[in-house]
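Novice: coordinates only, no sequence provided:
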């Protein structure tokens, strides 16, 4: 996939707008290697890690949402959830034997899924107690827990608070009933409001997702969603342009049935510009490419491109500097540490059987060169800035530094004596910057993924439609 930079072209700096908004870095080197666990975990270099994130995967959902690309399965009773909880704790106990797993200080914890709020209060306590038993949490800045509002209770929220949860996160997606039906969202808005009130009362940070650029969506409908979202009185909101390459075919069929046309990349770009202006007027500032946080009037008046007053710490590790890494637990959980990418077995039944009956777990291992350019390829575009002193410049490929120089010349990135920072225009194009600052092998893998998805029968391509060439010629 080739994307051309149009340096002199005002806002329209590229001839295409990429739809990939979240990927693990690096993605290249997909061939797996065979290593026994003692050798693998004995080979992980962790002494340089200044902060580590823990991801815990809970793969159960009462409803499978049609836009969701994540690995999960239908909830079918309490028995399998309890078995999975025991398997998860067993994996933590087994991995804790290795200093490379427990030896780095933990800066963030994230319970994702699936729907972690399907866990019972005592299961939440057991998992949290296991984490505290094995890991150094003295530097913990954030503990996030994903929820689905129908399964939220006061007792569960209090259990989360007891184990140290600071951030509640849930998917609202849209307030418009017809789109909620398309997405197979089964919670009512009344349930959503009641659950949000409890979260606001018990936990210090509450965030939820809103999708935009949905097929047929008007700017007026998006404006209504923005205002309704702000009225929820949460500390944070995440606004995502819908990614048609990873949503399910049945969502495309639902839109087709209603005669809705895909929103073009140019329309999504305009929606993002409108969002940035509107949300600032309503008291929020961006803290990364798609996340917004309530801010003081004084800070809003300074008009920063991306605020420094708040950071989503889990993503600081996933999309941060080389010295920040990730360890995952649960079926399909990913670890990115040292020069290894590790992914647990995807099937949850086999994951449970392996741990509870055999006392082990299966994983796929990819070995790659140390990814020192992670801070430039991910941290700079996604969080809006990078400190020069935290980059190991002698280990950065020349291709990456040359691309960065082009972005500075094109006024997408501003260079100071101590840092690089996105300009406002650069922030609009942060996904393209992430892609082009990544190694060539990674770009090839992502390009092949995009092309393969575009060839899926029934998949609509509005999300990756290139901008009109007349705008960039």
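Specialist: Alright, I've got the coordinates. Since we're looking at a predicted model, the values are computed, not measured. Numbers count the residues shown, from 1 in each chain.
Novice: how much space between the closest residue to residue 268 other than its chain neighbours and residue 187?
Specialist: With Cβ to Cβ, 6 or more residues apart in numbering as the measure, residue 213 is the residue that lies nearest to residue 268, at 4.0 Å, once sequence neighbours are left out. Placement of C-beta: from N, CA and C, glycine included. Applying Cβ to Cβ, to the nearest Å, one obtains 22 Å for the distance of residue 213 from residue 187.
Novice: of those two, which one has the most company?
Specialist: Higher neighbour count among residue 213 and residue 187: residue 213, with 25 against 19, using other Cβ atoms under 10 Å.
Novice: my read is that that one contacts residue 241, right?
Specialist: Yes: assessed by Cβ atoms under 8 Å, residue 213 is found in contact with residue 241 at 4.3 Å.
Novice: so for stretch 267-278, what's the average pLDDT?
Specialist: Per-residue pLDDT values across stretch 267-278 average out to 95.
Novice: hmm, who's touching it?
Specialist: Around stretch 267-278, the neighbours that count as contacts under Cβ atoms under 8 Å, 6 or more residues apart in numbering are 11, 17, 212-213, 219, 222-223, 226, 239, 241, 263, 286, 424, 427-428, 463, 467.
Novice: among the residues you listed, which ones are in strands?
Specialist: The members of these that map onto strands under DSSP state E are 212, 239, 241, 286.
Novice: using CSV, lay out those residues together with distance to residue 323.
Specialist: Listed next are the ones in strands among the contacts of stretch 267-278 as CSV, based on distance: Cβ to Cβ, whole Å:
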residue, distance to residue 323
212, 34
239, 30
241, 31
286, 25
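Novice: possible to save those residues as CSV with neighbour count, pLDDT and distance to residue 205?
Specialist: As requested, the ones in strands among the contacts of stretch 267-278 are exported to CSV (neighbours: other Cβ atoms under 10 Å; pLDDT from 0 to 100; distance: Cβ to Cβ, whole Å):
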residue, neighbour count, pLDDT, distance to residue 205
212, 23, 95, 22
239, 24, 97, 17
241, 23, 91, 23
286, 23, 98, 16
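Novice: just the closest of those residues to residue 257, please.
Specialist: Of all the ones in strands among the contacts of stretch 267-278, the one with the least separation from residue 257 (Cβ to Cβ) is residue 212, at 21.2 Å.
Novice: what bridges to the closest one?
Specialist: When assigned by DSSP bridges, residue 212 has beta-bridge partners residue 241.
Novice: give me the number of residues near residue 342?
Specialist: Under the neighbour criterion other Cβ under 10 Å, residue 342 is assigned a count of 23.
Novice: cool, residue 299 as well?
Specialist: 13.
Novice: mind listing what it touches?
Specialist: Residues in contact with residue 299, defined by Cβ under 8 Å, 6+ apart, are 285, 307, 309.
Novice: out of these, who has the most neighbours?
Specialist: For those, counting by other Cβ under 10 Å, the largest number of neighbours falls to residue 285: 24 neighbours.
Novice: how much space separates it from residue 230?
Specialist: When distances are taken as Cβ to Cβ, residue 285 and residue 230 turn out to be 13 Å apart.
Novice: cool, and residue 450?
Specialist: Here the distance between residue 450 and residue 230 works out to 33 Å (Cβ to Cβ).
Novice: also residue 351?
Specialist: Separation of residue 351 from residue 230 (Cβ to Cβ) stands at 40 Å.
Novice: so these two - more neighbours on which side?
Specialist: The residue with the greater number of neighbours, taking residue 351 and residue 230 and applying other Cβ under 10 Å, is residue 351; the counts read 25 against 18.
Novice: and the more buried one, what element?
Specialist: Per DSSP states H and E: residue 351 is located in helix 348-353.
Novice: ditto for residue 366
Specialist: Here residue 366 sits within strand 363-367, counting by DSSP H and E.
Novice: could I get the full set of strands for the stretch 51-200 of the chain?
Specialist: 51-58, 60-61, 73-74, 106-113, 142-147, 167-173 (DSSP state E, counting those that start in this stretch).
Novice: wait, which of the ones you listed is closest to residue 159?
Specialist: In this view, those are compared for proximity to residue 159 by Cβ to Cβ, and strand 142-147 is the closest at 10.0 Å.
Novice: parallel or antiparallel, which strands does that closest one pair with?
Specialist: Strand 142-147 has the following strand partners under DSSP bridges: strand 106-113 (parallel), strand 167-173 (parallel).
Novice: can I get those in CSV with mean pLDDT, mean neighbour count and distance to residue 195?
Specialist: Rendered in CSV, the data for the strands paired with strand 142-147 read as follows (pLDDT from 0 to 100; neighbours: other Cβ atoms under 10 Å; distance: least, Cβ to Cβ, whole Å):
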stretch, mean pLDDT, mean neighbour count, distance to residue 195
strand 106-113, 96, 25, 16
strand 167-173, 96, 24, 8
